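# Need a 3D model of the sequence below.
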Amino acid sequence: MNVLRRPVALGLARSGSAVGPTLAYWLGNPILNPATMVFMGFVLGWRWVGLRLIVGLLLVFGVAYLANRFVRTEELPVSAVEAAAAVGTRDEGSMLGRWLRGLWKLSIGLVPEYLVIVLLLGAARAWLFPAVTPEATGVLWTIGLAIAGTLFVIPTAGEIPIVQTLMTFGLGVGPAAALLTTLPPVSLPSLVMVGKGVPVRVLLFVAASVFTLGLLSAAVAVGLGF
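Below is the predicted model:
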């Protein structure tokens, strides 16, 4: 589930994992999920799967790599730097004990914050996802839904029925492609959560990249006549 990958990504960052692999796991888990791809193929068509696959590969192997290139050690949280230096030098008990302690620390810090942000986004959903009409096909719709998709949080594969339903109400191919691309990889809650272990400017770069790829995927979908 998307909810579980965020604390795992944060745990990777705090344990001393490099930013690139952490981002690759965080971004690749939802957008390249094989089960989601198959579901999308049967519901929306296999052309959409090809578009999603290309965008996912660009995120995992392109954006994550570039983000890892320009991050500086001094930007990493102290906990991550200390953890990287201390790997293999201490024994904190059994694996289960370490896992339970880590889960507790993540839960008390992340769950309340996550719930507050999700509730605020839920209250703002009328503005993030306005009523769709048969005229919902232009550039402004594409940009607006790309922004909404980058911020909003959904369960795994939730973007597929959302896009399918909106298209039946008249959503154009371009806005649909933007939404299908931007909804899965990141959201405002996940950016805030992962931000505890990854520099803010890296997360801003990731969010901007997701938004940009959403616009590019919209242009491709329109150009190829999806």
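# Tell me where the model's unsure across this protein.
1-17, 72-136 (pLDDT under 70).
# Would you map the helices across it?
2-14, 19-31, 34-43, 46-57, 64-70, 78-86, 95-123, 125-128, 139-151, 159-168, 173-182, 188-194, 200-223 (DSSP state H).
# dump the residue contacts of the nearest residue to Y65 once chain neighbours are set aside.
Closest residue in space to Y65, ignoring its immediate chain neighbours: G20 at 5.8 Å, by C-beta to C-beta, 6 or more residues apart in numbering. C-beta here means a position set from N, CA and C on the backbone, and glycine is covered the same way. Listed by C-beta atoms under 8 Å, 6 or more residues apart in numbering, the contact set of G20 reads A64, Y65, A67, N68, R69.
# Also G195?
Counting by C-beta under 8 Å, 6+ apart, G195 has contacts L203.
# And G149, by the same measure?
E159, A178, L179, L180, T181, T182, L183, G214.
# Equivalent analysis for T168, please.
With C-beta under 8 Å, 6+ apart, T168 has no contacts at all.
# what's the spacing between it and L213?
For T168, the distance to L213 equals 25 Å [C-beta to C-beta, to the nearest Å].
# and the gap between the nearest residue to A24 once chain neighbours are set aside and I31?
Leaving aside its sequence neighbours, A24 sits nearest to A64 (C-beta to C-beta, 6+ apart; 4.2 Å). Distance check for A64 against I31: by C-beta to C-beta, it reads 12 Å.
# Rebuild the contacts of G149 as CSV, extending it with neighbour count and distance to V206.
Below are those laid out as CSV (neighbours: other C-beta atoms under 10 Å; distance: C-beta to C-beta, whole Å):
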residue, neighbour count, distance to V206
E159, 24, 18
A178, 31, 17
L179, 28, 18
L180, 27, 18
T181, 32, 14
T182, 30, 12
L183, 28, 15
G214, 26, 13
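# ok, so of those residues, who is nearest T137?
Nearest to T137 out of the contacts of G149 is A178 (C-beta to C-beta; 11.7 Å).
# Test my guess that the closest one contacts A148.
No: look at A178 against A148 with C-beta atoms under 8 Å: they stay out of range, at 9.2 Å.
# joint contacts of these two?
By C-beta under 8 Å, 6+ apart, no residue touches both A178 and A148.
# and T150, how many neighbours?
25 (other C-beta atoms under 10 Å).
# before we move on, what about L140?
L140, neighbours per other C-beta under 10 Å, totals 10.
# Over to T212?
For T212, the neighbour count with other C-beta under 10 Å is 15.
# Please apply the same query to P155.
Count around P155 with other C-beta under 10 Å applied: 10.
# got the phi/psi numbers for G170?
With angles defined as degrees, to the nearest 10, G170 sits at phi 110, psi 10.
# Only the buried residues of stretch 26-41, if you could.
26-33, 36-37, 39-41 (16 or more other C-beta atoms under 10 Å).
# Return the member of the residues you listed nearest to G138.
Closest to G138 out of the buried residues of stretch 26-41 is M40 (24.5 Å), distances taken as C-beta to C-beta.
# Next, work out how far apart the closest one and L224 are.
In this view, M40 and L224 are 16 Å apart by C-beta to C-beta.
# repeat for S217
Counting by C-beta to C-beta - S217 and L224 are separated by 11 Å.
# Which one of those two is surrounded by more residues?
Per other C-beta under 10 Å, whichever of S217 and L224 has more neighbours is S217, with 27 against 12.
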